[in-house]
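> model this:
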Amino acid sequence: MPIPTEPIGSIPRTADLLGAMHAHAAGKMSAEQLKTVEESALRDTISRLEKTGSPVITDGEQTKPSFATYPLSGLEHLASDGAIIPFADGHTRQLPKLTAGPFRYGVHAVTYLKAAQQHAHLPVKQAVISASALSLLYPQSGIRGYPREAFVEDLVGEAERDIRECLESGAACVQIDFTEGRLALKMDPSAGVLNAFIDLNNRVLDRFNATERQQIGVHTCPGGDRDSTHSADVDYTRLLPGLFRLKVGRFYVQLASEVDRRRVLTTIRNLLKPEQILFVGVTDPINPQIESPDVVRDRVLEAAEFVPLESLGTTDDCGFSPFADDTSTSRETAFAKIRSRVEGTAMAAKVLGV
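You can find the predicted model right below:
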């Protein structure tokens with residue numbers, strides 16, 4: 001059986017789509033016109049992903065405003081002054097803040113999945129945002145008449161629905177984006193925030209049976225936006241014990257950009273359970289240099305020294321454009337890196353005799 005390989009999610013949006021998004025936001029393009037451009041970008045992205053040879057594809061998150069905020073589309077009761085996430089290069093991203101309850105998603109991920117399946121000839125995986133990331137919407141000062149406990153219960157229900165609808169609609173798998181995991185240790189080195197995040201996500205995962213959890217995975221990276229990160233300076237090995245407490249069957253871990261990959265793999269070897277699959281990052285989306293298939297092959301062979309072959313897969317370290325306005329990586333570079341991942345993984349499988 002070949003070594004499985006999957007993308008993380010986002011692909012840089014087409015120039016036409018970015019232009020249409022700006023025009024629509026400025027009131028210069030109708031929603032119907034925007035939808036036409038979105039459809040074209042989606043078809044093109046899926047077609048190009050399939051041509052890379054990837055056995056599993058995504059929708060490239062073409063029509064998401066960002067990997068994190070898609071559930072908020074169309075919602076009221078949001079203020080703009082929410083949590084701020086600083087990146088190493090000095091730029092920031094800011095989440096909105098909830099001002100009233102009850103909390104409900106404006107858009108569920110199955111909407112994107114079904115749109116992609118209409119054009120795809122291969123299995124489609126679906127990325128969803130974690131409950132822990134969305135928990136940051138609730139203000140520390142609280143909301144009158146809507147206590148945090150009520151918000152969390154609503155959030156867990158919505159997060160469960162987001163995953164379950166995708167599984168029921170035939171997603172190849174569902175990937176929970178948990179990029180805030182490493183950031184949590186930067187916010188709180190005592191790991192109190194991280195452990196709270198893990199426990200909250202497990203409240204969602206506890207609503208699925210063991211078979212369903214085999215189709216659910218979690219992705220971790222130190223953020224990847226405008227060729228910068230928000231928490232790469234945090235020791236990876238401090239995150240991993242908590243990460244592997246998550247009740248999922250698949251782990252997608254950023255690894256290509258790590259300085260000491262063997263140290264990370266040594267830690268993972270002692271945490272990975274026999275029934276779990278580890279997808280190691282073998283391409284770095286924020287590095288403009290395109291990895292050759294030979295480089296990818298060697299990274300896979302390195303991982304195989306630590307991970308049983310039946311538990312080993314490959315992926316990209318992160319999405320290539322998790323925020324719609326991130327144009328730091330071109331579409332051509334993204335697809336070239338994906339082709340190298342697919343080809344290099346196949347080369348490694350041949351060397352390993354699988």
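> CA atoms for contacts and neighbours, from now on please.
Noted.
> pretty sure T315 is touching V282, no?
Yes: using Cα atoms under 8 Å, T315 makes contact with V282 at a distance of 6.2 Å.
> who touches the helix or strand that L18 is a member of?
Using DSSP states H and E, L18 sits within helix 15-25. Contacts to helix 15-25, defined as Cα atoms under 8 Å, 6 or more residues apart in numbering, come from residues M29, S30, A31, L34, V37, E38, A41, A324, D325.
> can you list residues touching both of T315 and V282?
Joint contacts of T315 and V282 (Cα under 8 Å, 6+ apart) are R341.
> those two: who's more crowded?
V282 (30 against 27; other Cα atoms under 10 Å).
> so the more buried one, which of the three states?
Under DSSP: H, G, I helix; E, B strand; the rest coil, V282 falls in the strand class.
> now V351
Quick answer, by three-state DSSP: V351 is helix.
> can you give me the distance of it to V152?
Distance, V351 to V152, by Cα to Cα, to the nearest Å: 48 Å.
> what of L49?
Distance from L49 to V152, by Cα to Cα: 37 Å.
> these two - which one has more neighbours?
Neighbour count, other Cα under 10 Å: between L49 and V152, L49 has more, with 25 against 19.
> what secondary structure does that one sit in?
helix.
> my guess is it meets F335, correct?
Yes: contact criterion Cα under 8 Å: L49 and F335 qualify, at 7.0 Å.
> now do the helices in this protein.
Remark: helices assigned in the chain by DSSP state H are 15-25, 31-51, 110-117, 131-134, 148-168, 180-187, 192-205, 210-213, 236-243, 261-269, 293-304, 331-352.
> between those helices, which one is nearest to L72?
Shortest distance between L72 and the helices of the chain, using Cα to Cα, is found for helix 131-134: 9.6 Å.
> and G82, its phi and psi?
Per-residue torsions, G82: phi -90, psi -160 (degrees, to the nearest 10).
> what's around it, how many residues?
Neighbours of G82 (other Cα under 10 Å): 17.
> now do F335
20.
> please apply the same query to the one 10 residues further on.
For T345, the count of nearby residues is 29 (other Cα under 10 Å).
> correct me, but it touches T314?
Yes: here T345 reaches T314: they are 7.1 Å apart, a contact under Cα under 8 Å.
> what about stretch 55-73, start to end distance?
Span of stretch 55-73 from end to end, Cα to Cα: 31 Å.
> elements contacting the helix-or-strand element of the chain with minimal mean pLDDT?
Counting by mean pLDDT, DSSP states H and E, the weakest-scoring helix or strand in the chain turns out to be strand 84-86, with a mean of 86. On a contact count with 3 or more Cα pairs under 8 Å, 6 or more residues apart in numbering; DSSP states H and E, strand 84-86 meets strand 92-94.
> report the distance from the strand it packs on to the chain centre.
Distance, stretch centre to chain centre, for strand 92-94: 18 Å (Cα atoms, centre = their mean, to the nearest Å).
> next: stretch 115-132.
The answer for stretch 115-132 is 11 Å, by Cα atoms, centre = their mean.
> check stretch 254-269 too.
19 Å.
> buried stuff in that stretch?
Buried residues in stretch 254-269, counted by 16 or more other Cα atoms under 10 Å: Q254, L255, A256, S257, R261, V264, L265, T267, I268.
> same deal with stretch 161-173?
Result for stretch 161-173 [16+ other Cα under 10 Å]: buried residues R161, D162, I163, R164, E165, C166, L167, G170, A171, A172, C173.
> what do you get for stretch 196-208?
In stretch 196-208, counting by 16+ other Cα under 10 Å, buried: F197, I198, D199, L200, N201, N202, R203, V204, L205, F208.
> any chance of TSV for those, columns distance to H119 and pLDDT?
Output for the buried residues of stretch 196-208, formatted as TSV (distance: Cα to Cα, whole Å; pLDDT from 0 to 100):
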residue	distance to H119	pLDDT
F197	36	97
I198	35	98
D199	37	98
L200	35	98
N201	32	98
N202	33	98
R203	34	98
V204	30	98
L205	30	98
F208	29	98
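> of all those residues, which two lie farthest apart?
F197 and F208 (18.0 Å).
> any shared contact partners between T345 and T314?
Shared contacts of T345 and T314 (Cα under 8 Å, 6+ apart): I3, T5, V300.
> what is the burial count for the first one?
I take that to be I3. So I3, with other Cα under 10 Å, has 21 neighbours.
> per-residue pLDDT, it?
Looking at I3, its pLDDT stands at 97.
> the closest residue to it other than its chain neighbours: neighbour count?
Closest residue in space to I3, ignoring its immediate chain neighbours: G313 at 5.5 Å, by Cα to Cα, 6 or more residues apart in numbering. By other Cα under 10 Å, the residues close to G313 number 25.
> G313 and P2 touch, don't they?
No: assessed by Cα under 8 Å, G313 is found out of contact with P2, at 9.2 Å.
> still on that earlier bit, buried ones in the helix holding L18?
So for helix 15-25, counting by 16+ other Cα under 10 Å, buried means L17, L18, A20, M21, H24.
> swap in stretch 43-52?
Buried residues in stretch 43-52, counting neighbours by 16+ other Cα under 10 Å, are found at R43, T45, I46, S47, R48, L49, E50, T52.
> pipe those residues into CSV and attach pLDDT per row.
Converted to CSV, the buried residues of stretch 43-52 look like this (pLDDT from 0 to 100):
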residue, pLDDT
R43, 96
T45, 97
I46, 97
S47, 97
R48, 97
L49, 97
E50, 97
T52, 97
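> now the terminal residues of stretch 306-314, how far apart.
14 Å.
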